[in-house]
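Enquirer: need a structure here:
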Amino acid sequence: MCKFLRQISCKISIGFMNIGPKLGRYYTAAMVVYLMAAVCTVPAYAATDIFAVARSIIIDVYNGIAGISTVLAGLMSAVAVIGAKMSSNQHKVDQSWDWLKRIWIAWAIINGIGAFIAYIVPKFDGLATLEP
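Expert: I've put the predicted structure just below:
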């Protein structure tokens, strides 16, 4: 067992001797990388009010959803009307008009939620404050 440990320690010391002459270059390269990372970082500042940032994010997301829902509602309405006009079966025509009603009801609900929130949120300004 002792002979085995001597062989391992000998191999380890030989490995470090091979690195030894280049150790200064490795250290210099590591310090250059570290200093460049420190110099090139951009400071990040926190927003003044997290609720204002959250509100702007919600408005941006809702505007995207409302725009996409309007475009899709128009596109799907066109498909439903074309399907109703080109169909030869009265059952398919009725299904197309039912789909058209469902599309516009869904569009009204999606945009109605946004209008409701836009109307209600200003009513609660100043209520979420803590004063001693």
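
Enquirer: thought Ser69 was touching Gly112?
Expert: No - with contact defined as Cβ atoms under 8 Å, Ser69 does not reach Gly112; the gap is 11.3 Å. For the C-beta atoms, the positions are set from N, CA and C on the backbone; glycine is no exception.

Enquirer: which of those two has more neighbours?
Expert: Using other Cβ atoms under 10 Å, the more surrounded residue of Ser69 and Gly112 is Ser69, with 17 against 10.

Enquirer: what helix or strand is that one on?
Expert: helix 50-86 (DSSP states H and E).

Enquirer: now that helix, how far from the chain's geometric center?
Expert: Helix 50-86 sits 19 Å away from the centroid of its parent chain (Cα atoms, centre = their mean, to the nearest Å).

Enquirer: quick one: average confidence on it?
Expert: The average pLDDT for helix 50-86 rounds to 86.

Enquirer: same thing with stretch 105-120?
Expert: On average, stretch 105-120 scores 85.

Enquirer: try stretch 32-45
Expert: 81.

Enquirer: Only the C-alpha atoms, please, for it, written as CSV.
Expert: What follows is stretch 32-45, C-alpha atoms only, in CSV (Å, rounded to 0.1, in the frame of the first residue of the first chain):
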residue,chain,number,x,y,z
VAL,A,32,-6.8,39.3,-18.0
VAL,A,33,-10.1,37.4,-18.6
TYR,A,34,-11.3,38.4,-15.1
LEU,A,35,-10.5,42.0,-15.6
MET,A,36,-12.0,42.2,-19.0
ALA,A,37,-15.2,40.7,-17.7
ALA,A,38,-15.2,43.3,-14.9
VAL,A,39,-14.6,46.2,-17.3
CYS,A,40,-17.1,45.1,-19.9
THR,A,41,-20.0,44.5,-17.6
VAL,A,42,-22.9,47.0,-17.8
PRO,A,43,-24.3,48.2,-14.6
ALA,A,44,-28.0,47.4,-14.1
TYR,A,45,-30.1,49.8,-12.2
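
Enquirer: Kind regards, and thank you for your time.
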